[in-house]
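K.L.:
A predicted structure for the sequence below; I have some questions about it.
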Amino acid sequence: MNRPTILLNPGPVTLSNRVRHALARADQCHREPDFARFMLEITDALSRVYPGSRKRFEPVVLTGSGTCAVEAMLSSLVPRDGLTLVVSNGVYGERMADMIRNHGKPMEQIRCDWLQPMDLVAVEKRLAAGDITHVVAVHNETTTGRLNDIAALGKLCRKYDAALLLDAVSSFGAESIDFSGWNLQALAATANKCLHGVPGIAFVLVDQDVMDGGSSYSSTLYLDLYRYHREQKTGFSPFTPAVHACFALHEALLELEEMGGREARQQRYRYLSGRIRQALIALGIRPLLPEESCCSMISSFLLPKDISYPQLHGLLLEAGFVIYAGQGELAKSIFRIANMGDIQDQDLEHLIATFRQLMER
Ligand SMILES: Cc1ncc(COP(=O)(O)O)c(C=O)c1O
C-alpha cells in the first residue's frame, strides 16, 4: 500500500494504523459508566508516561488543542494575589504572556532573544527580590526547536520558592521531565504531538495538593481546571469530551507503552532528527541552532539560498511530505522539520533522497 502524505509539521502527526482504526470504534455516550471507566484508564495511562509524576501529579483531561490546556493551566493557577514571571524565547512563551495579560493578572516578563537560551542570570536577579510567586516557561520552544534548560530554571524556582508552570505541549511523551526537582506545580500538554494521538484532547498534569486544597483563579467556566478535576474523580467530564479523540489517545498510549515508553520514543526521535540534521548539513543546509540546544522532535534550518519557503514546501509536498514554515520574525528565513508520528525508516530515506535531488538541481 502506498504511504499517505507524511506530516513533518509539529502536530498533528501521521497516525499509526492502530490509532487510526481506534477512531472507528463503536460510538459511546460520555455519560455511561463504561465510558467513565475508559476515561479513568486514560488518566492512569497518562500518569504512567512519567512514573515520577504518579506520586504527586494528576492529569486533568480537557477537550481542545494544546493552547486550551495551557490557558486552562494559567487561568486556574496564576494568582491574582501573587506575581508571575514569564520567561520567553519564542512564540509560545509570548503567547502565555499574552494570556496572563488578557486575564488581567499581575505579571512581568523576561523576554529573551529567540535564538538564545533563556537568560537565567536575569531570571535569578529578578527572583532574588523575593516577590515572584510563580514562574511560567516553555519546555521545548517549538518556534526554534530549542529544548530550554528547565532543570536550571527549576533549580532557581526551588531556591526562591516560586511555583513553576510549564508549557510541555511539544515535549511531553518524549523529553525527560523531573517531577520532583523542578518545583513544578503543573504542566500543560496535548494528545497529538509526542503521544501520537489526534487533535481534540489536551491535559494538564497538576499537583494534587493544589487541586484538593486550593481554589481556582479562573474567571472562565470552561477553562476552570478545578471543575474538571472534581468530576473527573469518577471518570466523568463536566462537558462533552471529544469521545473519538479519547479512543485514539487510549490506543496511542498503549502503543507507546508497547514500544518501550517515553525513553524509547525519545531515542527514536533523536535518531530521526539526528539523521535529518546530518543529511541536510551534508547538503549545505545550515541548522538554526547548535546540536546541543536542540530538542528531539523538531529541527529548524535556514532556507537555502535562492529558494523561498513556498517553493520548498511545494516541492516537498509533491514528493509526499508536509514541512513547516518559521513563525513570527523567523517566517521568511527558516523552515522546520518535525519527526513525530508514524515515520518509518523508508520515509526518512525518501525524505533525504528528495532533499538531495532538490539541492542537486
Ligand atoms: C510549545 C507549544 N505550546 C503550545 C502550542 C499550541 O498547541 P495547539 O496548536 O495544539 O493549540 C504548540 C503548538 O505547536 C507548541 O508547540
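P.N.:
Cool, the structure landed.

K.L.:
so which residues of the stretch 201-350 of the chain form helices?
P.N.:
Taking DSSP state H, counting those that start in this stretch as the criterion, the stretch 201-350 of the chain carries its helices at 208-213, 225-232, 243-258, 261-282, 309-318, 345-360.

K.L.:
same list, those, but as JSON lines with mean neighbour count, distance to residue 27 and mean pLDDT please.
P.N.:
Heads up, the C-betas are built off the backbone N, CA and C, glycines and all. Shown next, in JSON lines, are these (neighbours: other C-beta atoms under 10 Å; distance: least, C-beta to C-beta, whole Å; pLDDT from 0 to 100):
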{"stretch": "helix 208-213", "mean neighbour count": "14", "distance to residue 27": "31", "mean pLDDT": "95"}
{"stretch": "helix 225-232", "mean neighbour count": "20", "distance to residue 27": "22", "mean pLDDT": "96"}
{"stretch": "helix 243-258", "mean neighbour count": "21", "distance to residue 27": "8", "mean pLDDT": "98"}
{"stretch": "helix 261-282", "mean neighbour count": "17", "distance to residue 27": "30", "mean pLDDT": "98"}
{"stretch": "helix 309-318", "mean neighbour count": "14", "distance to residue 27": "34", "mean pLDDT": "97"}
{"stretch": "helix 345-360", "mean neighbour count": "15", "distance to residue 27": "33", "mean pLDDT": "96"}
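
K.L.:
CSV for these, including distance to residue 158?
P.N.:
Output for these, formatted as CSV (distance: least, C-beta to C-beta, whole Å):
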stretch, distance to residue 158
helix 208-213, 16
helix 225-232, 23
helix 243-258, 30
helix 261-282, 23
helix 309-318, 42
helix 345-360, 40
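
K.L.:
looking at those helices, which is closest to the ligand?
P.N.:
Closest to the ligand of these is helix 243-258 (C-beta to the nearest ligand atom; 12.0 Å).

K.L.:
angle of the closest one against helix 261-282?
P.N.:
Counting by axes from the mean of the first three to the mean of the last three C-alpha atoms, to 10 degrees, helix 243-258 lies at 90 degrees to helix 261-282.

K.L.:
so which elements touch helix 243-258?
P.N.:
helix 17-22, helix 33-49, strand 200-207 (3 or more C-beta pairs under 8 Å, 6 or more residues apart in numbering; DSSP states H and E).

K.L.:
output the helices of the stretch 201-350 of the chain as a markdown table; include the columns distance to the ligand.
P.N.:
Compiled in a markdown table, the helices of the stretch 201-350 of the chain are given as follows (distance: least, C-beta to the nearest ligand atom, whole Å):
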| stretch | distance to the ligand |
| --- | --- |
| helix 208-213 | 21 |
| helix 225-232 | 17 |
| helix 243-258 | 12 |
| helix 261-282 | 14 |
| helix 309-318 | 17 |
| helix 345-360 | 21 |
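
K.L.:
re earlier: dump the helices and strands packed on helix 243-258 to TSV, plus mean pLDDT.
P.N.:
Below are the helices and strands packed on helix 243-258 laid out as TSV (pLDDT from 0 to 100):
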stretch	mean pLDDT
helix 17-22	98
helix 33-49	97
strand 200-207	98
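
K.L.:
which one of these lies closest to the ligand?
P.N.:
Of the helices and strands packed on helix 243-258, nearest to the ligand by C-beta to the nearest ligand atom is strand 200-207, at 6.9 Å.

K.L.:
who does the residue in the stretch 251-361 of the chain that the ligand sits nearest to bridge with?
P.N.:
The minimum distance from the stretch 251-361 of the chain to the ligand, using C-beta to the nearest ligand atom, falls at residue 298 (8.4 Å). Judged by DSSP bridges, the bridge partners of residue 298 are residue 338.

K.L.:
residues near it, how many?
P.N.:
28 (other C-beta atoms under 10 Å).

K.L.:
next one: the one 5 residues further on
P.N.:
Using other C-beta under 10 Å, the number of residues around residue 303 comes to 18.

K.L.:
just confirm it contacts residue 310, I think it does.
P.N.:
No - Residue 303 lies out of contact with residue 310 (C-beta atoms under 8 Å); the separation is 10.5 Å.

K.L.:
coming back round to it: closest one to residue 38 among the helices of the stretch 201-350 of the chain?
P.N.:
helix 243-258 (6.8 Å; C-beta to C-beta).

K.L.:
just want the angle from the closest one to strand 200-207.
P.N.:
60 degrees.

K.L.:
distance from the chain centre to helix 243-258, please.
P.N.:
Remark: helix 243-258 is offset 17 Å from the chain centroid, using C-alpha atoms, centre = their mean, to the nearest Å.

K.L.:
same check, this time on stretch 262-275
P.N.:
16 Å.

K.L.:
in PDB, could you pull the C-alpha coordinates for it?
P.N.:
Presented in PDB, the C-alpha positions along stretch 262-275 are these (Å, rounded to 0.1, in the frame of the first residue of the first chain):
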ATOM      1  CA  ARG A 262       8.800   7.600  26.800                       C
ATOM      2  CA  GLU A 263      12.500   6.900  26.800                       C
ATOM      3  CA  ALA A 264      12.300   4.700  23.700                       C
ATOM      4  CA  ARG A 265      10.300   7.400  21.900                       C
ATOM      5  CA  GLN A 266      12.900  10.000  22.800                       C
ATOM      6  CA  GLN A 267      15.700   7.700  21.400                       C
ATOM      7  CA  ARG A 268      13.800   7.100  18.200                       C
ATOM      8  CA  TYR A 269      13.200  10.800  17.800                       C
ATOM      9  CA  ARG A 270      16.900  11.500  18.400                       C
ATOM     10  CA  TYR A 271      17.800   9.000  15.800                       C
ATOM     11  CA  LEU A 272      15.400  10.500  13.200                       C
ATOM     12  CA  SER A 273      16.200  14.200  14.000                       C
ATOM     13  CA  GLY A 274      20.000  13.400  14.100                       C
ATOM     14  CA  ARG A 275      19.800  11.700  10.600                       C
END
